[in-house]
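>>> sequence plus predicted model, see below.
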Amino acid sequence: HAQLTLQSDLIYHNISTMVLRRWGDTEHALSHAREAVKICNANGFSIEKTFVQGAWNNDFAPDRVQYTGGTISPVLLNQAVIMVRHERSVDTMRRQVSGMRLCSGLQRLTAGSDDSEYISVESLRRLCLFFNLQTGAVLLNQAPKGSPTCTRYCQPHSPQIEEKIFREVDTVAGVMGHDGREYVFHNVETSGGRFPVAVRIKLFDVERPIGSVVLLSTRSDVRFDENDSLVIEFAGNLIAAKLVNNSQKKRLLQMSLTDVLTGLRNRQCLETVFAEALSLDENCVIAFFDVDNFKYYNDGFGHDVGDQVLIIFSSLLHEMENSRIKAGRWGGDEFIMIFFGFDSSEAVKMLLELQEKLAAMKDLRETISKNVGRVLPDKPLTISCSIGVTESTRNGMRFSEAEILKKADEALYIVKKGNRKGTLMEL
């Protein structure tokens, strides 16, 4: 290439411009056109400048062009064409290698982290850099409502750009539709404007669609070839598999720590909460609940009604929960609530309010009858509970988990033995 004359240099760049434009490689075609203009400006070639425009417009026939200083020989023309083809071949090979590196990097990324948010953002960043796109989002369909959860990325990080483009992500995904596996879309129109290039990577859990990766470009000189579709599909499969795996692991962990009937923490989870409470320097209050006369509900109305009683009671406990109050089902009709950083007077006040709520409830036969789908016997159906309360620290002495549970159980036993249903005892 260094041995070619200026005239040969010009025809090389013009042929490159014309061929690459026909191949849709606008970015590299523009680079060659600029080089040709530089040569013309540096050497005062005014006529040849028109040839550059002709090459750009695909109206350029080098075998019919007379250059300053003579004509171009067929040998040099063939040499220029060979160089264009070689450049294109090398560029394609380079892009294939880059695509393999991207896929390998995404594979390491998904294998090395269980953080779905981090995986989504980092995958978007790498895909945007590879395809020279500006922004993207991972949209996941979250059952049961079907509303997508959205993870977003924008390059460069500009609040103005992000605010404008992110508003359009859902719209763009809708415009591209939900059918088929087409990846690249051009000139996508939305209410906020036009995106010259948009890429959609559909995410699947086997055959079930779980969402999409949407990548957007505000520039029109972005190109894709057939190898890019393989990269896009591979990336989509990797991201989908990892997000599904993380979701399943999270769901299984949640199930292992949750009481199936009430949705509160189960005994295993409560033991972890106990350990957390005892590791802190602050005082904790522990309340042990027992639903009064639970045998009456099971024997008098049926076990399905007994389950409904537990569900209604547990819903009141759940309403009390926050970052400092945690509740769970210990087993059967027994429940526990742990108050982090409370003294006993504060906790007892809240527990008495809970008992007042239960006492204010009207006959629950109608409500429970609808839930179980049958008419219940004409018997009163109200709920009350007995509560035993103790603290993790008293008079400077800290108690173990076993000691705390024993004291709370003793307090509850006093209530039950004295037939004082719906009352509270503190030890």
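Noted; the coordinates are in hand.
>>> from here on, just use CA atoms for contacts and neighbour counts.
Will do.
>>> residues near the residue nearest to M337 when sequence neighbours are not counted, how many?
Take M337 and drop its neighbours on the chain: the residue closest to it by Cα to Cα, 6 or more residues apart in numbering is A327, 4.2 Å away. If you count neighbours by other Cα atoms under 10 Å, A327 ends up with 25.
>>> mind checking how far G136 is from T151?
Using Cα to Cα, to the nearest Å, one gets 9 Å for the distance from G136 to T151.
>>> more crowded one of the two?
Neighbours per residue (other Cα under 10 Å) separate G136 from T151, with G136 holding more: 29 against 18.
>>> report the secondary structure state of that one.
Taken by DSSP: H, G, I helix; E, B strand; the rest coil, the conformation at G136 corresponds to strand.
>>> for it, give its distance to D115.
Counting by Cα to Cα - G136 and D115 are separated by 18 Å.
>>> and if you look at T262?
Where D115 is concerned, T262 sits at a distance of 28 Å (Cα to Cα).
>>> go on, C269?
When C269 is compared with D115 (using Cα to Cα), they lie 22 Å apart.
>>> the more surrounded of these two?
More crowded of C269 and D115, by other Cα under 10 Å: C269, with 19 against 12.
>>> so which bits of the helix or strand in which the more buried one is found are buried?
Secondary structure from DSSP states H and E places C269 in helix 267-279. By neighbour count, with 16 or more other Cα atoms under 10 Å as the criterion, the buried positions of helix 267-279 are 267, 269-270, 273-274, 277-278.
>>> average pLDDT across it?
Averaging pLDDT along helix 267-279 yields 88.
>>> and stretch 14-31, by the same measure?
79.
>>> mind pulling up the pLDDT for A347?
91.
>>> look up phi and psi at F340.
Backbone torsions for F340, taken as degrees, to the nearest 10, come to phi -80, psi 130.
>>> distance of it from G331?
Distance from F340 to G331, by Cα to Cα: 22 Å.
>>> looking at the two, which one has more neighbours?
Between F340 and G331, counted using other Cα under 10 Å, F340 has the larger neighbour count: 21 against 12.
>>> low-confidence ranges in the stretch 1-150 of the chain?
Applying pLDDT under 70 to the stretch 1-150 of the chain flags the ranges 1-5, 59-85, 87-88, 142-149.
>>> and the helices in it, which stretches?
Assigned helices in the stretch 1-150 of the chain, in chain order: 6-22, 26-43, 46-56, 74-112, 116-131 (criterion: DSSP state H, counting those that start in this stretch).
>>> ranking those by burial, who's on top?
Mean neighbours per residue, mean count of other Cα atoms under 10 Å, is largest over those for helix 6-22, with a mean of 23.
>>> and the angle for it with helix 26-43?
Orientation of helix 6-22 against helix 26-43 (axes from the mean of the first three to the mean of the last three Cα atoms, to 10 degrees) gives an angle of 160 degrees.
>>> which strands and helices lie in contact with helix 6-22?
helix 26-43, helix 46-56, helix 74-112 (3 or more Cα pairs under 8 Å, 6 or more residues apart in numbering; DSSP states H and E).
>>> kindly recompute the last result at 6 Å.
Applying 3 or more Cα pairs under 6 Å, 6 or more residues apart in numbering; DSSP states H and E, we find helix 6-22 packed against helix 26-43, helix 46-56.
>>> can I get these in CSV including distance to E353?
Putting these into CSV (distance: least, Cα to Cα, whole Å) gives the following:
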stretch, distance to E353
helix 26-43, 71
helix 46-56, 80
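>>> ok, which of those helices comes nearest V97?
In terms of Cα to Cα, the element of the helices and strands packed on helix 6-22 nearest to V97 is helix 26-43, at 18.4 Å.
>>> give me the contacts around that closest one.
Identification of contacts with helix 26-43 by Cα atoms under 6 Å, 6 or more residues apart in numbering yields 10, 13, 17, 20-21, 221.
>>> make JSON lines from those and add distance to L109 to it.
As requested, the contacts of helix 26-43 are exported to JSON lines (distance: Cα to Cα, whole Å):
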{"residue": "L10", "distance to L109": "45"}
{"residue": "H13", "distance to L109": "41"}
{"residue": "T17", "distance to L109": "38"}
{"residue": "L20", "distance to L109": "35"}
{"residue": "R21", "distance to L109": "36"}
{"residue": "D221", "distance to L109": "29"}
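>>> closest one of those to T92?
For those, the nearest to T92 is L20 (12.3 Å; Cα to Cα).
>>> ok, now how distant is that closest one from K250?
From L20 to K250 the distance is 49 Å (Cα to Cα).
>>> ok, F51 next?
Counting by Cα to Cα, the gap from F51 to K250 is 63 Å.
>>> give me the mean pLDDT for stretch 397-413.
Stretch 397-413 comes out at a mean pLDDT of 86.
>>> same check, this time on stretch 194-210
81.
>>> in it, what's buried?
For stretch 194-210, by 16+ other Cα under 10 Å, it's 195-204, 210.
>>> hey, which strand is longest across this structure?
Determined from DSSP state E, the single longest strand within the chain is strand 193-205.
>>> residues of whichever helix or strand comes after that strand that come out buried?
Downstream of strand 193-205, the next assigned helix or strand under DSSP H and E is strand 208-217. Going by neighbour count (16+ other Cα under 10 Å), the buried part of strand 208-217 is 210-217.
>>> could you single out the nearest of the residues you listed to L405?
Nearest member of the buried residues of strand 208-217 to L405, counting by Cα to Cα, is I210, at 45.0 Å.
>>> surely that closest one touches I201?
No. Counting by Cα atoms under 6 Å, I201 is not a contact partner of I210; they are 11.2 Å apart.
>>> return every residue with contacts to both of those two.
Joint contacts of I210 and I201 (Cα under 6 Å, 6+ apart) do not exist.
>>> quick one, helices of the stretch 251-400 of the chain?
267-279, 294-301, 303-320, 344-360, 365-372.
>>> got those helices as TSV, with distance to V415 columns?
Output for the helices of the stretch 251-400 of the chain, formatted as TSV (distance: least, Cα to Cα, whole Å):
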stretch	distance to V415
helix 267-279	23
helix 294-301	15
helix 303-320	19
helix 344-360	14
helix 365-372	27
